[in-house]
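K.L.:
What follows is a predicted protein model with its sequence.
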Amino acid sequence: MSEVGTLSRDQATSQSPALTRLVKAAEVGGPSPDNEGPLYAPRREIYPQSVSGTFRRIKWTLLIVGCAIYYLLPFVRWDRGPNAPHQAVLIDLPGRRFYFFFIEIWPQEVYYITGLLILAAMILFLMNAVAGRVWCGYLCPQTVWSDLFFAIERWIEGDRRDHMLRDERKWTLETYARKAVKHFLWLMVAWWTGGAWVLYFADAPTLVKELATGQAPFVAYVFIGILTFTTYTLAGHMREQVCVYMCPWPRIQAALTDEYALNVTYRYDRGEPRTAVAKAQELRARGEPAGDCTNCKQCVRVCPTGVDIRNGADVACIQCGLCIDACNAMMKKLGRPPGLIGYDTDMNIKRRMEGKEPIIKLVRVRTVLYAAIIVIAGGIMLFTLATREDEGISVIHDRNPMFVRLSDGSVRNGYTIRIVNKHLKTREFALNFNGLPATLIDLVGVPPREDGEPWIEVGPDQTRELRVVVTDYGLPPPPATQVVFRLTDIATGQQTIAHDHFFAPEVR
């Protein structure tokens, strides 16, 4: 018999967490190579226990800051001058504008949406390459609002033990009252969540007043109702089911990760074999191995998805780090060093078991690639924002006829010019023509200024189409000459040009 075959079951399983899970599953008749269990396990009620620690403080901070931004941002003012809305962040659908403080996005600039989607994807990929599902654990709206609903639940119904005992006993009037208050508060949070969303599409103070007096558009009430229902259902009732079954990111993340990505990991090289405190002392006194894990299951009790991190990677684990706080608190009580559960890799666990130093490799090909794409995409967007023009001119040459020869020998070309004013105020423009030595430009129906230059007025956020006739009185021009139409803002001197051609008959 081989050396491995002489190992006891406890010795073998202590060296392989996967084998531990397999043996336990076989003992209870669960999934195994020869004993397949159900593909879908019925949902069990999860009662996450409150915990304090570094990661819990990080989550509270992000929750408070994130919710404060979401709920209060519509009321922040930003002065953009006359005829422009003063809401700092506004999706103005009637005005076809998106405002974000000093940035103004126009409907023809939909490519910025594409850029934002690319940035969001690359940032998500970079997070995953560095620290696994850090988005899911700390920043995902489902996680944030579920945390908020959990906090309300603990405040009304007590922590894990009290809540479980109250649900197991026969319900009393107090139980029904607590449930009613909890669900009422959940609905209020969900209602304000939906209400805050619609405030991003209209002037917030005005819309709040209209909503309160019943004068708001019907569509506003519809969307508030839809978002209230979805928030209440997803954050209050479905919770971990959204993360485990509805969200595609856990499956995508698993395909994008590598051996260097840091994940919340149970360091079984230190924790196994699991023994009670007294038993561990006896084993160590006899020189036998004893792990630091006491099987207290605090890591499982604080998990919002009910995962036992000691069983290894799990698609239901959102990497929130609460099990790290719970385990560190227990290690502190026992006088043992923290870090039995922490952000680590399986590769480092194996290296420690072999007596080697762990490797933390944050800078590698994929992280550099993701960071480079983020910098390039962000740089392109910033450059185009900084250099874009708020006026425009387009020229279309007449096709039939291409030119007209007049009786005096001069040649005339006709053009249709479209001028765009992207400001929310009326602007005055001068139009100049360059490219031929002696020409006369005539703007049909537009009176000239006092200095004789063509003068064009374009209303706020409007376009104006003009008929332009250009006559050449010089020597017979070439059959096709490139010409330039130059549009100048009279107030600011800003210029925009458009190129076209002036056509003439061939000289024989």
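P.N.:
Happy to help now that I have it. Here the structure is a predicted model, which is why all the values come from computation and not from measurement. Numbers count the residues shown, from 1 in each chain.

K.L.:
And the spatially closest residue to Gly409 that is not a sequence neighbour, how close does it get to Gln482?
P.N.:
Nearest non-adjacent residue to Gly409, counting by Cβ to Cβ, 6 or more residues apart in numbering: Pro476, 7.8 Å away. To be clear about C-beta, it is placed using only N, CA and C from the backbone, and glycine gets the same treatment. Distance, Pro476 to Gln482, by Cβ to Cβ, to the nearest Å: 17 Å.

K.L.:
re the thing from before, quick check on the residue nearest to Gly409: phi, psi?
P.N.:
phi -50, psi 120 (degrees, to the nearest 10).

K.L.:
Same question for the one 4 residues further on.
P.N.:
The phi/psi pair for Ala480 (degrees, to the nearest 10) reads phi -140, psi 120.

K.L.:
do the same with the one 3 residues further on
P.N.:
When read as degrees, to the nearest 10, the backbone of Val483 gives phi -130, psi 160.

K.L.:
Isn't it up against Gly435?
P.N.:
Yes. The criterion here is Cβ atoms under 8 Å, and Val483 meets it with Gly435 at 3.3 Å.

K.L.:
Return the set of buried residues in whichever helix in the chain runs longest.
P.N.:
For the chain, the longest helix by residue count, based on DSSP state H, is helix 173-198. Neighbour-count burial for helix 173-198, counted by 16 or more other Cβ atoms under 10 Å, picks out 178-179, 182-183, 185-186, 189-198.

K.L.:
mind checking how far the residue nearest to Gly409 is from Thr230?
P.N.:
Remark: distance between Pro476 and Thr230 (Cβ to Cβ) = 72 Å.

K.L.:
quick check, Leu62 in a helix?
P.N.:
Yes. According to DSSP: H, G, I helix; E, B strand; the rest coil, Leu62 belongs to a helix.

K.L.:
So it sits against Trp135, correct?
P.N.:
No. Taking Cβ under 8 Å as the definition, Leu62 is not a contact partner of Trp135, at 11.2 Å.

K.L.:
Give me the contacts around the helix or strand hosting Ala278.
P.N.:
Element membership for Ala278, per DSSP states H and E: helix 277-285. Here helix 277-285 makes contact (Cβ atoms under 8 Å, 6 or more residues apart in numbering) with 275, 289-292, 294, 334.

K.L.:
how close does the closest residue to Gly392 other than its chain neighbours get to Thr257?
P.N.:
For Gly392, the nearest residue in space outside its immediate sequence neighbours is Val420; the separation is 3.8 Å by Cβ to Cβ, 6+ apart. Distance, Val420 to Thr257, using Cβ to Cβ: 48 Å.

K.L.:
Please apply the same query to Asp346.
P.N.:
Distance check for Asp346 against Thr257: by Cβ to Cβ, it reads 11 Å.

K.L.:
Please apply the same query to Gly195.
P.N.:
On the measure of Cβ to Cβ, Gly195 and Thr257 end up 38 Å apart.

K.L.:
Quick check: which ranges of the stretch 301-450 of the chain have low pLDDT?
P.N.:
By pLDDT under 70, the low-scoring segments of the stretch 301-450 of the chain are 447-450.

K.L.:
need the strands for it, in chain order.
P.N.:
For the stretch 301-450 of the chain, the strands defined by DSSP state E, counting those that start in this stretch cover 341-344, 391-397, 404-405, 411-421, 427-434, 439-443.

K.L.:
Can you tell me which of the ones you listed is nearest to Leu72?
P.N.:
strand 341-344 (32.4 Å; Cβ to Cβ).

K.L.:
Distance from the chain centre to that closest one, please.
P.N.:
Its chain's C-alpha centre and that of strand 341-344 lie 26 Å apart, by Cα atoms, centre = their mean, to the nearest Å.

K.L.:
tell me which strands and helices it is in contact with?
P.N.:
Strand 341-344 sits against strand 263-266, helix 322-334, with contacts defined as 3 or more Cβ pairs under 8 Å, 6 or more residues apart in numbering; DSSP states H and E.

K.L.:
Residues contacting the last one, please?
P.N.:
I take that to be helix 322-334. Residues from elsewhere that reach helix 322-334 (Cβ under 8 Å, 6+ apart): 48-49, 51-56, 59, 264, 277, 292, 294, 296, 298-304, 309, 337-343.

K.L.:
residue nearest the centroid of the protein?
P.N.:
The centre of the chain sits closest to Ala120, judged by Cα atoms, centre = their mean, with a distance of 5.5 Å.

K.L.:
Break this structure down into its domains, please.
P.N.:
As assigned by automatic domain parsing, the chain contains the domains 1-42, 391-503.

K.L.:
Give me the phi and psi for Pro74.
P.N.:
The phi/psi pair for Pro74 (degrees, to the nearest 10) reads phi -60, psi -20.

K.L.:
Find me the pLDDT at it, would you?
P.N.:
Listed pLDDT for Pro74 reads 94.

K.L.:
swap in the one 4 residues further on?
P.N.:
At Trp78 the predicted local distance difference test score is 90.

K.L.:
residues contacting it?
P.N.:
86-88, 99, 101-102.

K.L.:
among the residues you listed, who's most crowded?
P.N.:
When the contacts of Trp78 are compared by neighbour count (other Cβ atoms under 10 Å), Gln87 ends up highest, at 23 neighbours.

K.L.:
Identify the bridge partners of that one.
P.N.:
Listed beta-bridge partners, Gln87: Arg77 (assigned using DSSP bridges).

K.L.:
who touches it in this structure?
P.N.:
74, 76-78, 99, 203-204.

K.L.:
picking up where we left off before, of the buried residues of helix 173-198, which is the nearest to Gly115?
P.N.:
Nearest to Gly115 out of those is Trp197 (Cβ to Cβ; 23.2 Å).

K.L.:
ok, so what distance separates that closest one from Pro141?
P.N.:
Remark: distance between Trp197 and Pro141 (Cβ to Cβ) = 11 Å.

K.L.:
what's the helix or strand for the residue nearest to the centre of the chain?
P.N.:
helix 111-131.

K.L.:
Tell me the helix or strand right after that helix.
P.N.:
Following helix 111-131 in sequence order, the next helix or strand is helix 134 (DSSP H and E).

K.L.:
Give me the contact list for that following helix.
P.N.:
For helix 134, the surrounding residues in contact (Cβ under 8 Å, 6+ apart) are 127-128, 319.

K.L.:
out of those residues, which is most surrounded?
P.N.:
When neighbours are taken as other Cβ under 10 Å, the top entry among those is Asn128 (25 neighbours).
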